[in-house]
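Undergrad: the following comprises the amino acid sequence and a computationally predicted model.
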Amino acid sequence: MPDLAELAQSLDGELFSPDSPGYEAIRRPVNLAYREVRPWLIVMCRSVSDVVGAVRYATATGDRIAPRGGGHCFAGRSSTDGIVLDLSGLDGISMAADGIATIGAGARLERVYAALHAYGRTLPAGCGPTVGIAGLTLGGGIGLLGRKYGLTCDRLVGAQVVLADGSVVDCDHDHEPDLYWGLRGAGGGQFGVVTSLRFDTVPEPLTTRIEAHWTMGLKELVSAWQAWASAAPDELTVNLSLASGVPVEATLFGASTLEEEPTRELLQELIDRAGVAPAIELRADLPYHQLKSTFADRRDLPERAVRLRSEFFAHSMADGTLASLLTQLGDPRARGQLNFTAMGGAYNRVAEDATAFAHRAERFLLEHVAEDGDPWVDASWATAHADGSGRVYPNFPDPALDDWAAAYHAGNHPRLAAVKKAYDPGRFFDFPQAI
């Protein structure tokens, strides 16, 4: 049996077991649906050698291992009753003269945006400040600049990975190209532990922030949004959130890299289609890193256990489907949210097999979010599913899926299975719905 004391002595970081001071503060993932999961060991990694040592220890003991960057996984994959690799100490960020940023796998988005801002650069990525850059990237990465610059994983030009045998490999287009391909959108934790990522950053733009609220004419609004949002110019990303209540409240939110007046003119097209005239609040000349902090992540239900189901849509929903969704959301017993995210633009100008992320022909993503255990989530998802494409975002893993391989990976699954066999033949990095 491997010696835990030897592992502890070899680490730059620290080990925490259930009887260690501070264990309770660090063991919980962000999603409290998994708050009762108790790892028998947490390794606070501060170097690549820490990751190597922990992986070799786990392979020798047969322990399940779960890398944790941000801890936001909706299927609980960032926790385990085995060994958690907490990568928060691997959060270094550096920038080369050619605009290539090297970012540690433990960096969270708030730190990433602030660090890149110092160089006048940024990445198309998400809004949640505590979301980990690694998990976001490995499953795709949708955000407010994505319609212009693509997924976060579309900007990934290389990565460093610790494999199950403890070896460290660097991959990019020319080195370990199959692994590099698989890391761009298959989902985190599939092939090894990613310790750092290299990105081709983009110039940080000034943005115009968009927000408006409705409580009337919601069916017309959603119908109009479905037809308009994914076909809008790439510079404009406008999403839609509906919150349960009596009445249901709709919030239109997003951003434009255009100035205020052309942004307002484009939004008028949506208003004209919807036949409603709310007050739209625009805030111009906002640097992108500041924009992100003005939007709360609409999946966050603070201090609650969250459940989410989602699906992509290649076409607008039928009127009857939409009417049923709104009726369910308007039930006084409902406590959920419907979040519509616009796709199209640069997301869809990449071939389906060019990266592991297969969902390149979708118009929008719809999420159903509520507290864990709320039956509304399944009922609402089933209603919308009648018109969905059957495709599911890998960053929103759904344990209830019947055919998860087709849903997450579509035609890319056979190649991903081959990559898995090549880089993790013993299936050490295994979990429900792993490739």
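TA: Noted; the coordinates are in hand.

Undergrad: switch to C-alpha atoms for all contacts and neighbour counts from now on
TA: Fine.

Undergrad: quick one: secondary structure of residue 186?
TA: Per DSSP: H, G, I helix; E, B strand; the rest coil, the secondary structure class of residue 186 is coil.

Undergrad: so it sits against residue 141, correct?
TA: No. The criterion here is CA atoms under 8 Å, and residue 186 misses it with residue 141 at 11.1 Å.

Undergrad: so which strand or helix has residue 339?
TA: Residue 339 is part of strand 337-342 when elements are defined by DSSP states H and E.

Undergrad: go on, residue 147?
TA: Per DSSP H and E, residue 147 falls inside helix 146-149.

Undergrad: so how far is the helix or strand that that helix is followed by off the chain centroid?
TA: Downstream of helix 146-149, the first helix or strand assigned by DSSP H and E is strand 156-162. Put simply, strand 156-162 sits 18 Å off its chain's centre (CA atoms, centre = their mean, to the nearest Å).

Undergrad: what of stretch 226-240?
TA: Worked out by CA atoms, centre = their mean, stretch 226-240 lies 19 Å from the chain centre.

Undergrad: same check on stretch 385-400?
TA: So, by CA atoms, centre = their mean, the centroid of stretch 385-400 is 14 Å from its chain's centroid.

Undergrad: re earlier: ok, the strand holding residue 339: who's next to it in the sheet?
TA: Here strand 337-342 is paired, per DSSP bridges, with strand 236-243 (antiparallel), strand 364-371 (antiparallel).

Undergrad: tell me which of those strands lies nearest to residue 71.
TA: Among those, the nearest to residue 71 by CA to CA is strand 364-371 (17.4 Å).

Undergrad: for the following helix or strand past that closest one, packing partners?
TA: Note on strand 364-371: by DSSP H and E, the next helix or strand toward the C-terminus is helix 376-385. Counting contacts by 3 or more CA pairs under 8 Å, 6 or more residues apart in numbering; DSSP states H and E, helix 376-385 is packed against strand 306-313, helix 319-329, strand 364-371.

Undergrad: now those as CSV including distance to residue 77 and mean neighbour count?
TA: Listed next are the helices and strands packed on helix 376-385 as CSV, based on distance: least, CA to CA, whole Å; neighbours: other CA atoms under 10 Å:
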stretch, distance to residue 77, mean neighbour count
strand 306-313, 14, 23
helix 319-329, 29, 16
strand 364-371, 18, 23
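
Undergrad: quick one: closest of those to residue 96.
TA: It is, among the helices and strands packed on helix 376-385 and with distance given as CA to CA, strand 364-371, at 34.6 Å.

Undergrad: ok and that closest one relative to helix 376-385, angle-wise?
TA: 160 degrees (axes from the mean of the first three to the mean of the last three CA atoms, to 10 degrees).

Undergrad: 39 is where my numbering starts, stick with that
TA: I'll keep to 39 as the first residue from here, and by that count the last item is strand 402-409.

Undergrad: other residues contacting the lowest-mean-pLDDT helix or strand in the chain?
TA: Evaluated with mean pLDDT, DSSP states H and E, the helix-and-strand set of the chain has its lowest mean pLDDT in helix 326-331, which scores a mean of 88. Contact partners of helix 326-331, identified using CA atoms under 8 Å, 6 or more residues apart in numbering, comprise 151-152, 155, 160, 165-167, 242-245, 247.

Undergrad: one more: stretch 465-473?
TA: Outside stretch 465-473, the residues within contact range by CA under 8 Å, 6+ apart are 97, 102-103, 115, 202, 227-230, 437, 442-443, 451, 454-455, 458-459.
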